[in-house]
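S.K.: Build me a model:
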Amino acid sequence: MLLTAILIYLVITLAIGAGSSRLVKNSNDFVLAGRSLPLFLSASALFATWFGSETIFGASSVYLDEGLLGVIEDPFGGALCLILFGLFYLRPMYRMNVLTIGDVFKKLFGERLAFFASLFMIPAYFGYVAAQLIALSLVLGAVTDLSLLEGVVISACIVVFYTFLGGMWAISITDFMQTTLIVIGLLAVAYLVADEAGGVGVILEKAPPESFQFFPEANWSAWTTYLGAWIILGLGSIPSQDIYQRVMSSKSEKVAVQSTFLAGIFYLSFGLLPLFIALGAKILYPELYLADKQMLLPAMVLQHSNLAIQVLFFGALISAIMSTTSSGLLAPAAIISENLIRPYFGKKLSDTQFLWILRLNVILVAAIALTMAFWKSDIYELVAEASILMLVSLFVPLTAGIYWKKSSSVGAFLALVVGMASYLAAETFLPNQETHLLGLLASGLAMGIGSLIFPNKLPSNHELS
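M.R.: Model prediction:
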């Protein structure tokens, strides 16, 4: 019965994707849903940005080992990113009225820098999408006899289908449906766990003391790790196409700002539910925790709940993962098409042809992510790596381009290269250190020194935007 319910849900999702294709007339419709989303669709799309495998699978298992200090990156850092984006980045970028965040770099620093920024941005999404495909495969494997390999391939085909047809329209409409299922499903399972344990208070009393420690010990190393965790998603995802395309799909600047704040509050609120559920599950069923931490929640629901709860939970789980995966596919596909292909072949292509290039690039991204999924299977690590790559290369140039009038194209290029090179070198020679902080610092220094030594000869970038 559970498998039947899941299949029905997947068929409905695919049907929405097919129906959404009617709304896609051009590339703007495909990437930004024609900039016409109302508040409820925009906010639900933003809420679903990261609410996928890392929140339900990854963060919950890390939390059981390390407490709140282990999950500062997500959900706390994720919520921080949405709030900061709404406060400091949204308005200037929304007014540029461009298709991708690569186009934002083009406005700020010119076409050449946009090309390099896009090259640095795209690889980050391969691991991100791979993490979601692995998670969806684990879910399918929990209710069927599919192997991890078979599940990953089937998961990719499902998400590629509706993203290929409907683009951002399909993502936005399914996000609203999926967000509703996520909220209902997680609340239902949280109630089940609390009831089985004898109340919320019983779970909290039996939890290890470190489960609720929010601030680190008073030493330099602990605080460096703590602040480093906040900024992986908190700052690292600000220069990302998936955030950009969801925010810029809003029908107005006001709606976009409201969406970021609502989504940030909802994300933190409901992002804590999987942690509570995992804590209760570990206390109630320690044998499941010892067997497989990442699969604790699905195993608990399958073995210790009725069919209604199973349908709600797995509906919520699949919804969360599919939403994140589809956005992760569309983001690099848009960057490849708009910022790597269009500058060189755009004059020879009609918008209809360009729309098909966008769709074909969705398939290309999925194929590369599939390869990565077979190579590595740690969900939380894959997602963290994706945000770190953007943090050490793209965050400083974007921020400086918007807020520092002396920022230059040469400075931005040096920030990209030096930040990434420093991070990779630190990863090689300084293991077990907060290497992304070193990469971010190097990127900032390169931006400042490069811009002062090699100022722009053209008028200020800020005047162009």
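S.K.: mean confidence score for the longest helix along the chain?
M.R.: Secondary structure assigned by DSSP state H gives helix 148-197 as the longest helix of the chain. For helix 148-197, mean pLDDT is 88.
S.K.: What residues sit buried inside the helix or strand just after it?
M.R.: Counting by DSSP states H and E, the next helix or strand C-terminal to helix 148-197 is helix 200-206. Neighbour counts over helix 200-206 (16 or more other Cβ atoms under 10 Å) mark residue 203 as buried. Where C-beta positions appear, they are placed from N, C-alpha and C, glycine not excepted.
S.K.: Now do the helix or strand just after helix 200-206: distance to the chain's middle.
M.R.: Downstream of helix 200-206, the first helix or strand assigned by DSSP H and E is helix 220-234. Chain-centre distance of helix 220-234: 19 Å, with Cα atoms, centre = their mean, to the nearest Å.
S.K.: got it, and stretch 210-220?
M.R.: Its chain's C-alpha centre and that of stretch 210-220 lie 26 Å apart, by Cα atoms, centre = their mean.
S.K.: which stretches of the stretch 1-150 of the chain form helices?
M.R.: Listed in chain order, the helices of the stretch 1-150 of the chain (DSSP state H, counting those that start in this stretch) span 2-20, 27-32, 39-47, 53, 59-66, 78-84, 90-94, 101-109, 111-143, 148-197.
S.K.: Take those and write them to CSV, including distance to residue 301.
M.R.: As requested, the helices of the stretch 1-150 of the chain are exported to CSV (distance: least, Cβ to Cβ, whole Å):
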stretch, distance to residue 301
helix 2-20, 10
helix 27-32, 36
helix 39-47, 22
helix 53, 16
helix 59-66, 13
helix 78-84, 24
helix 90-94, 37
helix 101-109, 38
helix 111-143, 9
helix 148-197, 6
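S.K.: Check these for me and report the most buried one.
M.R.: Mean neighbours per residue, mean count of other Cβ atoms under 10 Å, is largest over the helices of the stretch 1-150 of the chain for helix 53, with a mean of 28.
S.K.: Now do the same for that one: mean pLDDT, whole number.
M.R.: pLDDT averaged over helix 53 gives 63.
S.K.: do the same with stretch 104-114
M.R.: 94.
S.K.: Export it to CSV, keeping only CA atoms.
M.R.: Taking C-alpha atoms only, stretch 104-114 is exported to CSV below (Å, rounded to 0.1, in the frame of the first residue of the first chain):
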residue,chain,number,x,y,z
VAL,A,104,24.9,39.8,-12.2
PHE,A,105,28.7,39.4,-12.3
LYS,A,106,28.5,40.5,-15.9
LYS,A,107,26.7,43.7,-14.8
LEU,A,108,29.2,44.3,-12.1
PHE,A,109,32.5,43.3,-13.7
GLY,A,110,32.0,42.6,-17.4
GLU,A,111,31.5,39.6,-19.6
ARG,A,112,34.9,38.0,-19.1
LEU,A,113,34.6,37.9,-15.4
ALA,A,114,31.1,36.5,-15.7
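S.K.: can you list contacts of stretch 184-196?
M.R.: For stretch 184-196, contacts defined as Cβ atoms under 8 Å, 6 or more residues apart in numbering pick out 200, 203, 270, 273-274, 276-277, 280-281, 284, 297, 300-301, 304-305, 308-309, 312-317, 319.
S.K.: rerun that using 7 Å as the cut-off
M.R.: The contact list for stretch 184-196 (Cβ atoms under 7 Å, 6 or more residues apart in numbering) reads 200, 203, 270, 273-274, 276-277, 280-281, 284, 301, 305, 309, 312-313, 315-316.
S.K.: Now residue 129. Nearest residue, chain neighbours left out?
M.R.: residue 369 (3.7 Å; Cβ to Cβ, 6 or more residues apart in numbering).
S.K.: An error on my part: the question was meant for residue 260.
M.R.: Closest to residue 260 by Cβ to Cβ, 6+ apart is residue 86, at 3.1 Å.
S.K.: likewise residue 447?
M.R.: Nearest residue to residue 447 in three dimensions, chain neighbours excluded: residue 415, at 3.8 Å (Cβ to Cβ, 6+ apart).
S.K.: Which element, helix or strand, includes the one you found?
M.R.: helix 409-429.
S.K.: Just name whatever secondary elements that helix is in contact with.
M.R.: Under the contact criterion of 3 or more Cβ pairs under 7 Å, 6 or more residues apart in numbering; DSSP states H and E, helix 409-429 touches helix 111-143, helix 379-393, helix 395-403, helix 435-453.
S.K.: Dump the ones you listed to JSON lines, plus distance to residue 93.
M.R.: JSON lines is the format used below for the helices and strands packed on helix 409-429 (distance: least, Cβ to Cβ, whole Å):
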{"stretch": "helix 111-143", "distance to residue 93": "14"}
{"stretch": "helix 379-393", "distance to residue 93": "15"}
{"stretch": "helix 395-403", "distance to residue 93": "8"}
{"stretch": "helix 435-453", "distance to residue 93": "18"}
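S.K.: Would you mind saying which of the ones you listed lies nearest residue 237?
M.R.: Closest of those to residue 237 is helix 379-393, at 5.2 Å (criterion: Cβ to Cβ).
S.K.: So for the closest one, mean pLDDT?
M.R.: Averaged across helix 379-393, pLDDT comes to 73.
S.K.: same thing with stretch 81-98?
M.R.: Stretch 81-98 comes out at a mean pLDDT of 96.
S.K.: which residues make contact with that stretch from outside it?
M.R.: Here stretch 81-98 has contacts from 46, 104, 107, 233-234, 237-238, 243, 247-248, 253, 256-257, 260-261, 263-264, 267, 402, 465, using Cβ under 7 Å, 6+ apart.
S.K.: Just give me the residue right at the centre of the protein.
M.R.: residue 50 (4.0 Å; Cα atoms, centre = their mean).
S.K.: how far away is that one from residue 230?
M.R.: For residue 50, the distance to residue 230 (Cβ to Cβ, to the nearest Å) stands at 15 Å.
S.K.: ditto for residue 100
M.R.: Counting by Cβ to Cβ - residue 100 and residue 230 are separated by 27 Å.
S.K.: out of those two, which sits in the more crowded spot?
M.R.: Neighbour count, other Cβ atoms under 10 Å: between residue 100 and residue 230, residue 100 has more, with 25 against 15.
S.K.: Wait, the more buried one touches residue 241, no?
M.R.: Yes. Residue 100 lies in contact with residue 241 (Cβ atoms under 7 Å); the separation is 5.9 Å.
S.K.: Sketch out the low-pLDDT regions of the stretch 301-450 of the chain for me.
M.R.: Applying pLDDT under 70 to the stretch 301-450 of the chain flags residues 376-385.
S.K.: mind redoing it with 50?
M.R.: Applying pLDDT under 50 to the stretch 301-450 of the chain flags residues 380.
S.K.: Pull the residues that contact stretch 387-405.
M.R.: 89, 92, 108-109, 117, 120-121, 123-124, 231-233, 235-240, 407, 412, 415-416, 419-420, 423, 436, 439-440, 443-444, 447, 460-462.
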